[in-house]
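S.K.: Starting from these lines, generate the structure:
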Amino acid sequence: MKNIQFLAFIAILALSFACGGKPGQGGMGRPGGFGGMKRATSVEVKALESTTISKQIKAYGTVQSDARVRITPQVSNRITAFYVDLGDTVKVGQKLAKIYDKTFQDQVLRDEAQVRQARVTYVRDSASFSRTKKLFDQSLSSEAEFQTVQATFQASRAQLASAQASLTQSKESLTNTNVVSPVAGVVTTRNAQIGDLATTGQPLFEIGNNSGFEIRLFLPLQDWELVRIGQKTDLRITNQPSNTAKAVVTRISPQLDPVTGLGEVVVTIQQSTNTLYAGALTEAKITIKTRENTISVPRSTLIEKVQTFIDPESNTIKLERTYSVFVTRGDTLAAQVPVELGLEQGDRVEIKGDIKKGDQLIITGQTALEDQAAIKIAGKEKFQPRKGKTLATGDSTQPAMPEKKQGEKPAKRGN
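M.R.: The predicted structure is shown next:
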């Protein structure tokens with residue numbers, strides 16, 4: 001009898017666990033069989049839309065004139081005057097500065113005197129050579145005498161040519177004491193003050209073209225290889241919240257810098273606002289590839305799963321990353337959908353998978369979800385009771401008491 005009772009107890013205990021509850025509970029895991037479903041997670045959703053996304057390369061550079069000229073003095077001496085300053089607009093041939101020229105004037109006077117002296121000698125030796133040549137042709141002069149006169153004439157002619165070259169050079173140096181602009185533009189740099197020594201190896205001014213600007217960017221190899229002439233570029237000054245100008249890639253260096261390993265790329269500004277000026281530090285985004293009518297989502301909505309495994313061939317540890325998003329199924333369930341990543345632009349990522357335009361993407365609360373988890377969409381209208389007469393006081397399930405008329409006595413209650 002005891003054995004039969006023990007077997008019966010074991011059967012009841014097994015049946016209780018088979019129904020999903022502990023002994024003494026219903027089949028739903030709680031007493032009476034209620035409360036087995038998990039609590040719904042509150043989420044926010046947004047409908048997926050077709051968008052345009054671009055792959056961009058980001059770099060930083062300084063705005064500068066697309067035609068810059070460094071003006072270096074051609075002679076060295078003290079600076080006696082400046083005729084322009086920073087920000088002044090200059091024309092071609094306009095005088096910019098004056099260098100002390102007294103010594104150069106004296107040099108011109110000396111060279112002019114040497115030319116006059118060399119010319120007198122040349123005229124004398126030329127006449128002597130003509131007479132001697134006639135006598136030599138008539139056999140009235142020896143060959144040795146003729147050769148001596150001829151050599152003297154050639155030396156005087158060379159001396160005159162040398163004196164004339166020296167005079168030309170000294171006049172050029174005197175002219176160069178007036179520093180002039182070879183181009184039209186704006187003075188962007190002035191590197192000296194009155195009284196400083198102007199040297200031939202140090203730029204005195206920098207003139208920039210005020211009609212065009214460019215930015216020189218230096219990119220690492222993996223980005224430099226993707227850049228092509230004609231690619232569009234968005235520019236933003238670092239203290240501005242939005243794009244400031246539009247530019248295009250116009251020049252690409254054919255080689256990398258051997259020291260830094262970076263490749264130079266020049267973008268020319270085509271359209272800009274009034275806030276763009278030379279010298280401003282600018283963020284440049286070069287558009288490499290653009291894809292239209294695709295689906296992109298914020299990176300924060302992605303669920304990333306990382307698996308670690310050992311490669312038996314190389315005996316190294318590798319990581320395998322997979323991505324997914326959660327979308328709604330109806331208004332009560334969340335479905336986890338595996339996706340592949342495409343182009344990335346800022347905080348948005350292109351995704352490909354079993355999704356389509358119009359699907360409700362879960363944008364908050366997705367990190368706590370599992371596939372087919374119960375959800376509650378935030379912002380959905382709650383159940384509204386049917387409109388009707390609302391009682392001011394008392395229980396709404398009981399009929400309202402009739403209003404008491406003035407002077408009427410309350411009715412007596414029966415025993």
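
S.K.: Mind jotting down where the strands sit in the stretch 301-415 of the chain?
M.R.: When assigned using DSSP state E, counting those that start in this stretch, the strands of the stretch 301-415 of the chain occupy the ranges 303-311, 316-329, 333-345, 348-353, 360-364, 373-377.

S.K.: gap between Ala158 and Asp111?
M.R.: Between Ala158 and Asp111 the computed distance is 16 Å (C-beta to C-beta, to the nearest Å). For the C-beta atoms, the positions are set from N, CA and C on the backbone; glycine is no exception.

S.K.: more neighbours, these two?
M.R.: Legend: neighbour count by other C-beta atoms under 10 Å for Ala158 and Asp111, higher for Asp111 (19 against 12).

S.K.: ok, for that one, nearest residue in space, not its chain neighbours?
M.R.: Setting aside the residues directly before and after it, Asp111 is nearest to Leu167 in space (C-beta to C-beta, 6 or more residues apart in numbering), at 3.9 Å.

S.K.: Return the distance of that neighbour relative to Lys102.
M.R.: Leu167 is 18 Å from Lys102, by C-beta to C-beta.

S.K.: So for those two, which residue has more residues nearby?
M.R.: Taking neighbours as other C-beta under 10 Å, Leu167 and Lys102 compare with Leu167 leading, 21 against 9.

S.K.: Name the residues of the helix or strand containing that one that are buried.
M.R.: Leu167 is part of helix 143-175 when elements are defined by DSSP states H and E. Neighbour counts over helix 143-175 (16 or more other C-beta atoms under 10 Å) mark 146, 149-150, 152-153, 156-157, 159-160, 163-164, 166-167, 170, 173-174 as buried.

S.K.: Kindly report the same for stretch 283-296.
M.R.: 283-286, 288, 294-296.

S.K.: report the longest strand in this protein, please.
M.R.: If you go by DSSP state E, the chain has its longest strand at strand 281-298.

S.K.: Tell me how many other residues crowd the residue lying closest to Leu281 once chain neighbours are set aside.
M.R.: In space, Leu281 comes closest to Thr238 once its chain neighbours are excluded; the distance is 5.0 Å by C-beta to C-beta, 6+ apart. As a burial measure, Thr238 scores 10 neighbours (other C-beta under 10 Å).

S.K.: about what we covered before: on contacts alone, who are the packing partners of the helix holding Leu167?
M.R.: On a contact count with 3 or more C-beta pairs under 8 Å, 6 or more residues apart in numbering; DSSP states H and E, helix 143-175 meets helix 102-137.

S.K.: Residues contacting stretch 195-203, please?
M.R.: 70-79, 97, 99, 179, 189, 191-192, 204 (C-beta atoms under 8 Å, 6 or more residues apart in numbering).

S.K.: Please flag which of the residues you listed sit within strands.
M.R.: Short answer: those in strands (DSSP E) are 70-71, 77-79, 97, 99, 179, 189.

S.K.: just these now: which is nearest Lys133?
M.R.: Asn77 (48.7 Å; C-beta to C-beta).

S.K.: quick revisit: can you lay out the strands of the stretch 301-415 of the chain as CSV showing mean neighbour count and mean pLDDT?
M.R.: Listed next are these as CSV, based on neighbours: other C-beta atoms under 10 Å; pLDDT from 0 to 100:
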stretch, mean neighbour count, mean pLDDT
strand 303-311, 10, 87
strand 316-329, 14, 89
strand 333-345, 17, 91
strand 348-353, 17, 91
strand 360-364, 19, 91
strand 373-377, 17, 89
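
S.K.: Can you tell me the centre-most residue of the protein?
M.R.: Ala284 (2.2 Å; C-alpha atoms, centre = their mean).

S.K.: wait, isn't that one in contact with Val266?
M.R.: No: between Ala284 and Val266 there is no contact under C-beta atoms under 8 Å: 10.7 Å.

S.K.: which neighbours do those two share?
M.R.: Common neighbours of Ala284 and Val266 (C-beta under 8 Å, 6+ apart) are 215, 217.

S.K.: How about Tyr301, nearest residue that isn't a chain neighbour?
M.R.: Careful, residue 301 is Thr; it's not Tyr. Leaving out its chain neighbours, Thr301 is closest to Ile363 (C-beta to C-beta, 6+ apart), at 5.3 Å.

S.K.: re earlier: which of the strands of the stretch 301-415 of the chain sits closest to Ala127?
M.R.: Across the strands of the stretch 301-415 of the chain, closest to Ala127 is strand 333-345 (C-beta to C-beta), at 88.2 Å.
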